[in-house]
Structure formats: C-alpha cells, structure tokens
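A.B. asks: Have a look; sequence and predicted model below, questions after that.
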Protein chains: 2
Amino acid sequence: MEALTIHEAAETSGWTPRMLRYIERIGLIETARTEAGYRQYGPGELQRLRTLRELLADHEIGLGDVAFALRLRRDEALSGAVDSWLEAEPQRPEAVSADEWLRWEQEKHARIIAALTTNETMETAA
Amino acid sequence: MEALTIHEAAETSGWTPRMLRYIERIGLIETARTEAGYRQYGPGELQRLRTLRELLADHEIGLGDVAFALRLRRDEALSGAVDSWLEAEPQRPEAVSADEWLRWEQEKHARIIAALTTNETMETAA
DNA sequence: TCAACCTTGACACAGCTTTGATAAGGTTGA
DNA sequence: TCAACCTTATCAAAGCTGTGTCAAGGTTGA
C-alpha cells in the first residue's frame, strides 16, 4: 500500500470519508484503487481536496455547482446550448422593428394569437 | 400598454406567472415595466422563455444550473477559480517523482505528516 | 486469527430549491 | 365603478442536496 486510505485522506483534507465518496460519486476527484478496490489518495488528490474546500468557501458555491461546471466543460452540446441561450439578449419591445409593432398593436386576444404565430415561424412548430 | 402581461406571457410560453417571477428573481430574463410596475413581455422575452424550456428539457438541467452558468460568465474571478480547479488534473501516485515516493513510503503516522508537509510545499509552489 | 480497516447500499434528517396558493393592496378599462 | 387584472410578501408542500450512521461483507497486517 503506497497512498493514503480514505480515512487518512479525510483526516488530512478536512472532509469526512463519507464526503470523499460523495465527491467521487458526483464526478469530482476519482482515485486510483488497489486490487481489492480500496481508494488510494496521493498528494495530488489531497491538494485538490483542499483547494476544492477553498473554492466552495471563497465563492459560496456548492459541490453540485462545481459538478455542473465540469459537466459544462465535458458536454460540448450542453455548453453550446447554454451559452447561446445566455448570449441571446432578449429583444425588448423597444428594440422591435416598427411593422412588427403594428402587428403587436392589437387587442388582447389577437395579440396572443399573433404571439403564437410569430413563435411558430420562429421555431418550426411548437 | 404594448406588450403582453405576465398572465398572457405565461399562457403563451407554457410557464406559470409564478415561475415567470421566479425566473426573473434568479436573474434569468428581466422584463421592462410599465409606469405602474407591471411586467411587459415582448416577442424577445417570449422566445427566450420557450427556448429556456427546451434547454432545460433537452439537457435535463434546472433553472439553478442556468443561473449558475450565468453567474460563471458574469463573475470572472469565479469562473477563473472553477476553471483552474477543473484543469488541475490530480497527479496520481504513479505520477509522483521517485524521491517524493521515498518520503511517502513510511508507516501510517509518518505518512500523514509527510502528506501535510508535501502539501505545504505544493501550495506555495503550485 | 482477529481487530481494524475497507467496500457498497440503505435509511434518515436538516436545509435549501422549486412551485403553488393566498392575502393585502394598487391599476386599468368598459 | 368595479371586475379583472397587476404587484409584493408570506405560508406551505414536494423534492433534491449534503451529510451521518448503520449493516453486511471483504481485506490486511501484526
């Protein structure tokens, strides 16, 4: 046995063994395993475990947030979709073209219909 | 009044008025307001509300995740910290230099001390 | 051999998130 | 004027997250 066991790693990193398993489960920090399946923590993992604590404390974020950030950087399609949603600044009423506003200037029910129609042209068919 | 009210927007976008307020509260999609403070939804907002639904459904993420992604892109310090944590691949036991391993090869208590020492040097020179 | 580890899985609980409902009060338009 | 909206604030319930603890069983080393 060369590296620290989960209890030793917990002791030195400030997490509990339970949390070390949880952190692994959500995809942050995987460890090598011994033949028998025991987790092995080396200096690199210990370092990451400590900086992880700092990261959470310094920015008031949770493990789930870091896990989501990881997912974002691994799933190209996801990050693309999220980014393009975030980038698309909404066109406020003020920013809409004049004749689009003509259509918009209707009484309530007609406006709703118009909105639906506008949308269908925008996204094939909802 | 030119744009849709919150109930109309809810009706056409598939959210509830409650959720529209919630979505605004967590920082996604802010709307213009009338003099009296009524929210105004234009075509842009409606589009974003619909694509938001798709985004969540397509990738099985939550509103909180999108809010966190927004926070990431607004808070440079946060995204930098998260990114550098994610980028720092842990050096596995196998990847550690030979003489570092000499120190590592001790009985349990000494190993823990060694781990702490190793970490201190790593933190200053990470 | 056997105490002291390790593993996974399950039950449990506090606290936060997401969502609805309801209340008290202002706005709007026929 | 008054019904039907809107606003914010609050109470509440369902669900998820983070965490502990325990059980059943395998591993290790003195």
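C.D. replies: Cool, the structure landed.

A.B. asks: State which helix of chain A is the longest.
C.D. replies: If you go by DSSP state H, chain A has its longest helix at helix A:43-59.

A.B. asks: That one: which residues count as buried?
C.D. replies: A:43, A:44, A:45, A:46, A:47, A:48, A:49, A:50, A:51, A:52, A:55, A:59 (16 or more other C-beta atoms under 10 Å in any protein chain shown). Backbone N, C-alpha and C define where each C-beta goes, glycine included.

A.B. asks: Can you show me the CA trace of stretch A:20-31 as CSV?
C.D. replies: Taking Å, rounded to 0.1, in the frame of the first residue of the first chain, the C-alpha atoms of stretch A:20-31 are listed here in CSV:
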residue,chain,number,x,y,z
LEU,A,20,-14.9,11.8,-0.1
ARG,A,21,-17.1,9.1,-1.5
TYR,A,22,-19.8,11.6,-2.4
ILE,A,23,-17.3,13.9,-4.1
GLU,A,24,-16.2,10.9,-6.2
ARG,A,25,-19.8,9.9,-6.9
ILE,A,26,-20.7,13.3,-8.4
GLY,A,27,-17.7,13.1,-10.7
LEU,A,28,-15.1,15.3,-9.0
ILE,A,29,-11.9,13.6,-8.0
GLU,A,30,-11.7,10.0,-8.8
THR,A,31,-8.9,8.0,-7.1
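
A.B. asks: near DNA strand C at all, it?
C.D. replies: Yes: contact between stretch A:20-31 and DNA strand C, assessed by C-beta under 7 Å from any atom of the strand, occurs at residue A:21.

A.B. asks: That stretch near DNA strand D at all?
C.D. replies: Yes: counting by C-beta under 7 Å from any atom of the strand, DNA strand D is contacted by stretch A:20-31 at A:22, A:26.

A.B. asks: Tell me which residues of that stretch come out buried.
C.D. replies: For stretch A:20-31, by 16+ other C-beta under 10 Å, it's A:20, A:23, A:28, A:29, A:31.
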